[in-house]
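Undergrad: Output the structure for:
(chains A and B)
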Amino acid sequence: MLDLRRIRSEPDAIRAGLSRRGADLALLDRVLELDERARAVGAEVDDLRNQVKTVSKEIGELFKAGQRDEAEARKAESKRLGDREKELAAAADGLQADIRDALLRIPNVPSDDAPDGASEADNVVLRTHGPGPDTFADHQRVPHWDIGTELGIIDGERAVKISGSMFTMYRGWGARLLRAMIGHSLDASADPANGAVWEEIRPPTLVKTDTMIGTGHLPKFEDEAYHVERDDLWTIPTAEVPLTSMAADEVLDWDTLPVRFTAYTSCFRREAGAAGRDTRGLLRSHEFDKVELMGYADGAEQAIALQEEILARSEQILQDFGLSYRILDLCAGDLGGSAARTWDIEAYAPGVGEWLEVSSVSWFADYQARRANVRWKRAGEKGTQVCHTVNGSAMGWPRTVAALLETHRQPDGSVAIPEVLQPRLGGATHIPAA
RNA sequence: GGAGGGGUGCCAGAGCGGACGAAUGGAACGGUCUUGAAAACCGUCGAGCCUUCGGGUUCCGCGGGUUCGAAUCCCGCCCCCUCCGCCA
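TA: I've put the predicted structure just below:
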């Protein structure tokens, strides 16, 4: 969420920023108004509490001095003050809750560097890597769902049978390929033998409501997540959720920043608004695998450097796999609610003839960290500061698998395995043709 | 799931309902001493909110209650530990 003090001190700048993403400004005005009232009531409550404490202390002293009658007499006064205090305190608490409620629903202010624009049509292509869309041969222009069925490595039908539509299943070479790809990504970032400095995490995939609030996935998007009602737990839509809340309510030592985490998890999305879209193949599923890179930083400079590092890592993986991709700079209007700046990576899938979003690399400034209450402090110095968070996928696997199968399909129907993955697949160079 | 024990500051660990934001010890930081270091000694040493910058206020797992007054009493919940049960 946004810093309330900043909303107070520079409301116009925030209004302008939020307008760039087309956000509703009514909540902002509401916060401003509630805050003014809350502070007035709060001051009064503090004052009354002070009086109650003072009188109570005096009563205690009177008792000790043996002046019982005098003490009893003053109880009434304290009681009256106390009752009034309780009344006002309840009002103050209500106001505070309302403020937080509104604050949680106000999106982040886009970075000045994020391009103007209202929708995905206005996103800016920063660069493209690898052969372009029209350079692919006919044997590569087969959709991955056909390749998957032909080679027996993706079994959509069985997945539908056991779980319903928009679930997928990998089999045989498909499952092994997926596992190899995940392993490659994880080892690239977390294996000390590669000089890796990212700590690998295997977090829980079921989390509490507060954890979902921390990253901004609640309260606004409850329809997008699966909720296990009986235990009031949510299935994570991305490892970003548990990773960002790992340091919730903690004060990190400045020396340890930036903190770098990578994690592989299943991700669950109800895809509430997407019923009927992309139901074939691997483009959109309720459950999918993803490797995430996530970091905590001490401020904008460090955070943006880390965001660039994550982007570079993700790009490297696509290069390792020999895939064509492009980098998009999301415009203010297409930014996720928590993000200040986002770069999407889209891999080209010649079979479906589309650029597929396989990664989203975002800088959240202090928006998430303030929600999750993650701060840092320099040893020996006074005061704490709110961290910045960044994260990005490396990668969202189903679409990466799709792009890989299509890109590396050979004229004979087999699929060439990228060299970096071969050691993980027993040295195999191809997924054999049917 | 059952029985018992416990949750206090960076850590350890006290705390008859009024003197407690909290003893004491350790760590850390600053200083004195020293050629330097250690030791010793002195001092500092949690976070949030509001502020007319004097200060005020909140927080002793979380929430509620009793009371003029709660870290201390009562109720509910959560978490941790031990034992039993169940289990990949």
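
Undergrad: interface residues of the stretch 1-150 of chain A facing RNA strand B?
TA: The stretch 1-150 of chain A has residues A:4-5, A:39, A:42-43, A:46-47, A:49-50, A:52-53, A:55-57, A:59-60, A:63, A:75, A:78-79, A:82 near RNA strand B, with proximity defined as CB under 7 Å from any atom of the strand. (Each C-beta comes from the backbone N, C-alpha and C, glycine too.)

Undergrad: mind running it again at 6 Å?
TA: For the stretch 1-150 of chain A, the residues in contact with RNA strand B (CB under 6 Å from any atom of the strand) are A:5, A:39, A:42-43, A:46, A:49-50, A:52-53, A:55-56, A:59-60, A:63, A:75, A:78-79, A:82.

Undergrad: how about the residues of the stretch 151-300 of chain A near RNA strand B?
TA: Close to RNA strand B, as judged by CB under 6 Å from any atom of the strand, the stretch 151-300 of chain A has no residues.

Undergrad: what are the bridge partners for the residue of the stretch 151-300 of chain A at minimum distance from RNA strand B, then?
TA: Across the stretch 151-300 of chain A, the shortest distance to RNA strand B (CB to the nearest atom of the strand) belongs to A:Val251, at 6.6 Å. For A:Val251, the beta-bridge partners are A:Arg375 (DSSP bridges).

Undergrad: who does the helix or strand bottoming out on mean pLDDT in chain A touch, helix- and strand-wise?
TA: When the helices and strands of chain A are scored by mean pLDDT, DSSP states H and E, strand A:251-253 comes last with a mean of 86. If you count contacts as 3 or more CB pairs under 8 Å, 6 or more residues apart in numbering; DSSP states H and E, strand A:251-253 packs onto strand A:375-377.

Undergrad: just to revisit the earlier point, the following helix or strand past the least confident helix or strand of chain A pairs with which strands, and in what direction?
TA: Where DSSP states H and E defines the elements, the next helix or strand beyond strand A:251-253 is strand A:259-268. Each strand paired with strand A:259-268, and its direction, by DSSP bridges: strand A:199-201 (parallel), strand A:287-297 (antiparallel).

Undergrad: which of these is buried the deepest?
TA: Comparing these on average neighbours per residue, with mean count of other CB atoms under 10 Å, the densest one is strand A:287-297 at a mean of 25.

Undergrad: elements contacting the next helix-or-strand element following it?
TA: Counting by DSSP H and E, the next helix or strand C-terminal to strand A:287-297 is helix A:300-320. Helices and strands touching helix A:300-320, by 3+ CB pairs under 8 Å, 6+ apart, are strand A:124-129, helix A:173-190, strand A:287-297, strand A:325-329, strand A:341-349, strand A:354-363, strand A:388-396.

Undergrad: Among these, show me which one is buried the most.
TA: strand A:388-396 (a mean of 28).

Undergrad: name the helices or strands packed onto the next helix or strand after that one?
TA: Remark: after strand A:388-396, the chain's next helix or strand is helix A:397-407, criterion DSSP H and E. Packing partners of helix A:397-407 (3+ CB pairs under 8 Å, 6+ apart): helix A:144-151, helix A:173-190, strand A:287-297, strand A:341-349, strand A:354-363.

Undergrad: okay if I get those as TSV plus mean pLDDT and distance to A:Leu34?
TA: Output for those, formatted as TSV (pLDDT from 0 to 100; distance: least, CB to CB, whole Å):
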stretch	mean pLDDT	distance to A:Leu34
helix A:144-151	96	51
helix A:173-190	97	44
strand A:287-297	97	30
strand A:341-349	98	29
strand A:354-363	97	29
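
Undergrad: The ones you listed into a markdown table, with extra columns for distance to A:Ile99?
TA: Formatted as a markdown table, the helices and strands packed on helix A:397-407 follow (distance: least, CB to CB, whole Å):
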| stretch | distance to A:Ile99 |
| --- | --- |
| helix A:144-151 | 48 |
| helix A:173-190 | 39 |
| strand A:287-297 | 26 |
| strand A:341-349 | 27 |
| strand A:354-363 | 26 |
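
Undergrad: out of those, which comes closest to A:Thr429?
TA: Smallest distance to A:Thr429 across the helices and strands packed on helix A:397-407 (CB to CB): 12.3 Å, for helix A:173-190.

Undergrad: just the angle between the closest one and strand A:388-396, please?
TA: Helix A:173-190 runs at 150 degrees relative to strand A:388-396, counting by axes from the mean of the first three to the mean of the last three CA atoms, to 10 degrees.

Undergrad: and helix A:173-190, how far out from the chain's middle?
TA: 22 Å (CA atoms, centre = their mean, to the nearest Å).

Undergrad: ok, now stretch A:197-212?
TA: Centre-to-centre, stretch A:197-212 and its host chain are 11 Å apart (CA atoms, centre = their mean).

Undergrad: Now for the closest residue to A:Glu199 other than its chain neighbours: which residues touch it?
TA: In space, and not counting its chain neighbours, A:Glu199 is closest to A:Phe261: 5.5 Å by CB to CB, 6 or more residues apart in numbering. Residues in contact with A:Phe261 (CB atoms under 8 Å, 6 or more residues apart in numbering) are A:Trp198, A:Glu199, A:Glu200, A:Ile201, A:Leu243, A:Met246, A:Glu292, A:Leu293, A:Met294, A:Gly295.

Undergrad: got a list of what the last one touches?
TA: The neighbourhood of A:Gly295, defined by CB under 8 Å, 6+ apart, consists of A:Pro258, A:Val259, A:Arg260, A:Phe261, A:Ala303, A:Leu306, A:Ile310, A:Thr389, A:Val390, A:Asn391.
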